[in-house]
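> Any chance you can model this:
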Amino acid sequence: MSLKKKIALYFDDEKGNAIGDVLLEHFISALIIVNAIAIILESYNGIYDQYHSLFYYLEIFSIIFFTIEYAIRIWIADMIYPKLSASKARLKYIASFIGIIDLISILPFYLPFILKIDLRIVRVLRLFRLLRILKLNRHFKSLRIIRSVIVKTKNEIIVTAFLVFILLILASTLMYNIEHKAQPEAFQNIGQALWWAVATLTTVGYGDIYPITGLGKLMSAVIALLGIGFVALPTGIISSAYIDEIRKSKAQEKCICPHCNKEIA
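Purely as a prediction, here's the structure:
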């Protein structure tokens, strides 16, 4: 077995099953979690001032490690996708969801060395480090199941989101016309009414903008009640698909038929 093929087995999520593969997965997962915790701790001035050097060296180590990982995954892409040519396999990985996440998670570090960028923009770009946590999708089966569920139910979710969008536009337009004369400062335009519609439809209700007319209050009550149903729709769709995916996964592990629930000989 060639060195390239051996390395590919360590990074192949489907075929890799050696002890080294498990240790590598655990190490990468731990490093991603540590990075996420570090980003949170950096927001505390006292902690950041005291452990500035530690955060800096952790970032440098992480960038070096994830850069090497990204380069290796490009190199072994033809092993992961054997049916494609080497160039097409590498392009498939680079253009894939996880490939883009791998790139974006390290790119902000290198951009200032390539382009002259305002330091304020660099600070904003550094927030992309948080995308490293999405790399966990590769290492945890449950996250892969969630991704699979979202992909399978994307059409239903899009339809639901479109219906919610239509409801928001209708509600904000109606409320603007109802409340504008009574309180022109609160409902100056449909944009402000849209903020009220979002807060009401999601049943959050911040209370900063609210109707004072009788018709407006009635409209608000109707939108709030509709919000309970519309917000529950995507939750029900995803929950149902997730339970079905878990059942199929367990059936495959135990060699049980997902339809009759009998063990397959």
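
> switch to C-alpha atoms for all contacts and neighbour counts from now on
OK.

> okay, now A224: neighbour count?
21 (other C-alpha atoms under 10 Å).

> Use 24 as the first number from now on
All set: I'll call the first residue 24, so the last point we hit is now A247.

> Surely it touches V221?
No - under the criterion of C-alpha atoms under 8 Å, A247 makes no contact with V221, lying 9.9 Å away.

> just checking, what packs against the helix ranked longest in the chain?
Using DSSP state H to assign secondary structure, the helix with the most residues in the chain is helix 237-276. With contacts taken as 3 or more C-alpha pairs under 8 Å, 6 or more residues apart in numbering; DSSP states H and E, helix 237-276 sits against helix 164-175, helix 177-202, helix 213-224.

> least reliable of these going by mean pLDDT?
The weakest mean pLDDT among the helices and strands packed on helix 237-276 belongs to helix 164-175, with a mean of 73.

> rewinding a little: let me know which of the helices and strands packed on helix 237-276 is the nearest to G122.
Comparing the helices and strands packed on helix 237-276 against G122 with C-alpha to C-alpha, the closest turns out to be helix 164-175 (14.9 Å).

> tell me the domain ranges of this protein?
26-162, 177-276 (automatic domain parsing).

> Report the secondary structure state of K139.
coil (DSSP: H, G, I helix; E, B strand; the rest coil).

> what's around it, how many residues?
By other C-alpha under 10 Å, 9 other residues sit near K139.

> what do you get for F120?
By the criterion of other C-alpha under 10 Å, F120 has 12 neighbours.

> quick one, what contacts L191?
Neighbouring residues of L191 by C-alpha atoms under 8 Å, 6 or more residues apart in numbering: L217, A220, V221, L224.

> quick one on the thing from earlier: just the buried positions in the longest helix of the chain, please.
Neighbour-count burial for helix 237-276 flags 239-240, 242-243, 246-247, 249-250, 253-254, 256-257, 260-261, 264-265, 268, 271, 274 (criterion: 16 or more other C-alpha atoms under 10 Å).

> can you check stretch 195-202 too?
Applying 16+ other C-alpha under 10 Å to stretch 195-202 flags S195, T196, L197, M198, Y199, I201, E202 as buried.

> In TSV: these, plus distance to L46.
Shown next, in TSV, are the buried residues of stretch 195-202 (distance: C-alpha to C-alpha, whole Å):
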residue	distance to L46
S195	53
T196	56
L197	58
M198	58
Y199	59
I201	63
E202	62
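
> about what we covered before: tell me which of the contacts of L191 is nearest to K115?
V221 (38.5 Å).

> Not counting its neighbours along the chain, what's nearest that closest one?
In this structure, V221 finds its nearest non-sequential neighbour in L191, 6.8 Å apart by C-alpha to C-alpha, 6 or more residues apart in numbering.
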